[in-house]
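>>> Need coordinates for the below:
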Amino acid sequence: MQHPRLLLAAASLGLLASVLPVSAASGDVASIALRDFNRNGKIDRAVISFANPSLTNWTVRGMSGFNVTYKGQAVAVSDAFMASTSDPAVLEVVLEESDARLMTDTSATDFEVSYARVGVSAGVSDGSSELSAIATGDATSAATELDQAPPVLVSSTPEPGAVDFLRAEQVTLTFSEPINRETLVISSSSNPGGWFYAWIGEGRTVTVQHDVYQRNTVETFGATVKDLSGNALVTDTYPNPFTFQTSSDNTPNPSTDELLLITSPVSGSALTVGEATPIAWYTNMPAAASVILSYSTDVGATWTSIATVPASQKVYMWYPPRISGALQLKAEARSASNTFVNLSIVGTFTTVGSASVSPLRAVSAVEVTQSTATSMTSVVRLDRTPSTAVFSCNNGALTAPVVVTGDRPVRLSATLSNLADGTSYTCAFALTDAAGASFSLAAPTFVAGEDTKAPELTGAAVVDLYDAAAGTARLSWTTNEATTATVSYGAYLNYGSSAASTALTGAHSVTLSGLTPGAMHQARITSIDAKGNASVSKDFYFVFLRENDLVKGTGAAVYWYKGGKRYAFPNLDTYRSWFGNDFSKVLRVPDTQLGTIALGGNVKMKEGVYMIKIQSDPKTYAVEGNGVLRWIPTEERARALYGAAWATRVRDVDVSLFTDYTIGDPL
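Residues are numbered from 1 along each chain as shown. Just a heads-up that it's a prediction; the model follows:
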């Protein structure tokens, strides 16, 4: 895909340059790495290192300026934060794993990442200076794109816990990406020998043939391997090695035991204090809805809770505190009704490290996101999970439990209820990190009953009234309360223009100018209510449409844009009657934009090109303007109108589409 920006390196991760002016450069791009942070086999993070930083107290002030695409499709960015403030500074861009456009391959290909300068109040800054854009000014940094996502085992045949596996059946392993075939090493507790590998497709799946196993043998089968970038296979959500049992005869009745297994960390390993440690588990139990994670330092006599997470999450990133002696880890599966299902205990482990671990750090200010006459909610984001967290107000007079969600950064939230209307409250989070250091993060003082909730957009923002000659269009949206608003917009990956909605209202409309017909644009809305509470919308994208443009989204359907509506081509023959086999004029528009354009109905066959009929009616009709059908009563009449090959121009129309047409007088 071509972009009007300079690619910093012809590597698998293309780094898009900003076209905005670069002033007071604060850092050069030293490297960009793609990672699978929670090691579940899916790219979920871009880590950008900046050399020669000049800023202090770096902060990401909103999501403005971040853009990530995969194979030309925009990928949702769920978070971004500065992972360090030293040289080099590290910026982590967290991708939304639920986005279906993200690949399930841990090799780095076809990603493009950019950061445009958007201002010290909205970008990456210290409040007075902003980080340089990823731009042509960074071309001297010798930027390198690194695949730092290790491969994982995603499936096997047989499955873990399989029983009555045929003794001569080959074993199949599937990895999260193509691997270096020469690095594959198989381990086997029964060691039948005679290993022979057959690779499938691009090299992420391998079948392992072997000598025949003994009858009723319990086999522990595993593999080590590296990907094409040299990253070694890691064991996380899928057991490696895994265990199965061979059959007792040649006519087995295959089955699989229901299992819950902690697969990572491996028993006997040392856990580093304060560093990200994935606790991963494998389960094939349909009843398992949640998993309670905990640790014990007294051989299971008592257990200290770590977290409760959905069983389908399969991995939780833990930052171990400093623990004396050995510890065990436990995963306890619970059903949707919170009844016990199964458990897995592994250990023992030891913790290593000391207070030299870098301290816990807030990556956002503490906010009061909601306040009513009787309740309030406060939130803050940290670069990792604290060991303990307590939320209290007015010198401990009120406390609330802290809910921790997400993985680096984590989101801490606390909700107080039974507040006194009109009373002032001063609150704070009291935290300790893995090294035992404690500190406090204060929330803004608030008065119960005052409006502290940021406004929200309701429904979709709509772009219409395109004027190709003037290069203008109208943007309309609604908010859940009266606000003023500023719209930042411009060409794709560029916010060079702005427009304002200055009246306090819930229904907004502004004119965007300087737009290019047929080109992709993007916009972002900042809304401010009467109390000064502000919110910034997610980036949304739109193509400047012209009358009679042909458009499509990610689906196969093609539409004709006319009179502010979209008209569907119900089949290929209808499209061909107007445009033949030429699809070069079809514009790809975001699905979010397509959904805001009213559906006007179906396009009808162009007059004089084809004749149409339905299978339940022997009559053949000529098509005239506006979808008027005229019955052709004889072959002679059809031959006179369409020539000797008239029958080749007859097209069947589904009976459901026949009502789109009007029946006129017979010819």
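
>>> Without its sequence neighbours, what residue ends up closest to Tyr610?
Arg651 (4.7 Å; Cβ to Cβ, 6 or more residues apart in numbering). Any C-beta I mention is one placed from the backbone N, CA and C, and that applies to glycine too.

>>> and the helix or strand hosting the one you found, which strands flank it?
Under the criterion of DSSP states H and E, Arg651 resides in strand 650-652. Partners of strand 650-652 in the sheet, by DSSP bridges, are strand 611-613 (parallel).

>>> who's in contact with the partner strand?
605, 619-623, 629, 632, 638, 642, 646, 649-653, 661 (Cβ atoms under 8 Å, 6 or more residues apart in numbering).

>>> Buried only: go through the residues you listed for me.
In the contacts of strand 611-613, burial by neighbour count holds for 605, 620-623, 629, 632, 638, 642, 646, 649, 651, 653, 661, counting by 16 or more other Cβ atoms under 10 Å.

>>> show me what contacts the residue nearest in space to the middle of the chain?
With distances taken as Cα atoms, centre = their mean, the residue of the chain nearest its centroid is Glu96 (2.3 Å). Taking Cβ under 8 Å, 6+ apart, we find Glu96 in contact with Val75, Ala76, Val77, Ser78, Leu102.

>>> same deal with Ser189?
Residues in contact with Ser189, defined by Cβ under 8 Å, 6+ apart, are Val218, Glu219, Thr220, Phe221, Pro241.

>>> List the backbone torsions phi and psi for it.
Torsion angles at Ser189 (phi, psi; degrees, to the nearest 10) stand at phi -80, psi -30.

>>> Could you check the pLDDT of it?
Per-residue pLDDT puts Ser189 at 92.

>>> repeat for the one 10 residues further on
The per-residue pLDDT reported for Trp199 equals 91.

>>> go on, Ala491?
For Ala491, pLDDT reads 87.

>>> and if you look at Phe583?
So Phe583 comes in at 92 (pLDDT).

>>> how many neighbours does it have?
Using other Cβ atoms under 10 Å, Phe583 has 11 neighbouring residues.

>>> what do you get for Pro151?
Considering only other Cβ under 10 Å, Pro151 is surrounded by 27 other residues.

>>> cool, Thr235 as well?
Neighbours of Thr235 under the rule other Cβ under 10 Å: 22.

>>> Run through the bridge partners of Gln73.
Assigned bridge partners for Gln73, using DSSP bridges, are Tyr70.

>>> Quick one: neighbours of it, just the number.
16.

>>> what's the pLDDT at it?
According to the model, Gln73 carries a pLDDT of 72.

>>> Kindly report the same for the one 5 residues further on.
At Ser78, the predicted lDDT confidence score is 79.

>>> Could you do Lys531 as well?
For Lys531, the predicted pLDDT is 80.

>>> How about the backbone phi and psi for the spatially closest residue to it that is not a sequence neighbour?
Setting aside the residues directly before and after it, Lys531 is nearest to Asp451 in space (Cβ to Cβ, 6+ apart), at 4.6 Å. Note on Asp451: its backbone torsions stand at phi -80, psi 110 [degrees, to the nearest 10].

>>> One more: the one 5 residues further on?
Comment: the main-chain dihedrals of Glu456 come out as phi -130, psi 150, following degrees, to the nearest 10.

>>> I'd like to check which residues are in contact with it.
With contacts defined as Cβ under 8 Å, 6+ apart, the neighbours of Glu456 are Thr479, Asn480, Ser535.

>>> possible to save the residues you listed as TSV with secondary structure?
Shown next, in TSV, are those (DSSP: H, G, I helix; E, B strand; the rest coil):
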residue	secondary structure
Thr479	strand
Asn480	strand
Ser535	strand
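
>>> so Ser344 is in which element?
strand 340-352.

>>> now that strand, how far from the centre of its chain.
31 Å (Cα atoms, centre = their mean, to the nearest Å).

>>> Using PDB, write out the CA atom coordinates for whatever helix or strand comes next after it.
Toward the C-terminus, strand 340-352 is succeeded by strand 367-371 as the next helix or strand (DSSP H and E). Extracted in PDB, the C-alpha atoms of strand 367-371 (Å, rounded to 0.1, in the frame of the first residue of the first chain):
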ATOM      1  CA  GLU A 367      -9.500  11.000  37.800                       C
ATOM      2  CA  VAL A 368     -12.900  11.200  39.200                       C
ATOM      3  CA  THR A 369     -14.900   9.800  36.300                       C
ATOM      4  CA  GLN A 370     -18.300   9.900  37.800                       C
ATOM      5  CA  SER A 371     -19.900  11.700  40.700                       C
END
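
>>> other SSEs contacting strand 367-371?
Judged by 3 or more Cβ pairs under 8 Å, 6 or more residues apart in numbering; DSSP states H and E, the packing partners of strand 367-371 are strand 376-382, strand 446-447.

>>> can I assume Arg588 is in contact with Leu550?
No - here Arg588 does not reach Leu550: they are 10.4 Å apart, not a contact under Cβ atoms under 8 Å.

>>> who has more neighbours, those two?
Leu550 (19 against 13).

>>> Let me see the backbone angles for the residue nearest to the more buried one when sequence neighbours are not counted.
In space, and not counting its chain neighbours, Leu550 is closest to Val586: 4.5 Å by Cβ to Cβ, 6+ apart. As for Val586, its main-chain torsions (degrees, to the nearest 10) stand at phi -80, psi 120.

>>> returning to that earlier point: including distance to Ile32, mean pLDDT and mean neighbour count, could the helices and strands packed on strand 367-371 go into a markdown table?
Shown next, in a markdown table, are these (distance: least, Cβ to Cβ, whole Å; pLDDT from 0 to 100; neighbours: other Cβ atoms under 10 Å):
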| stretch | distance to Ile32 | mean pLDDT | mean neighbour count |
| --- | --- | --- | --- |
| strand 376-382 | 23 | 89 | 23 |
| strand 446-447 | 40 | 86 | 17 |
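
>>> looking at these, which is closest to Gly471?
Ranking the helices and strands packed on strand 367-371 by proximity to Gly471 (Cβ to Cβ) places strand 376-382 first, at 39.8 Å.
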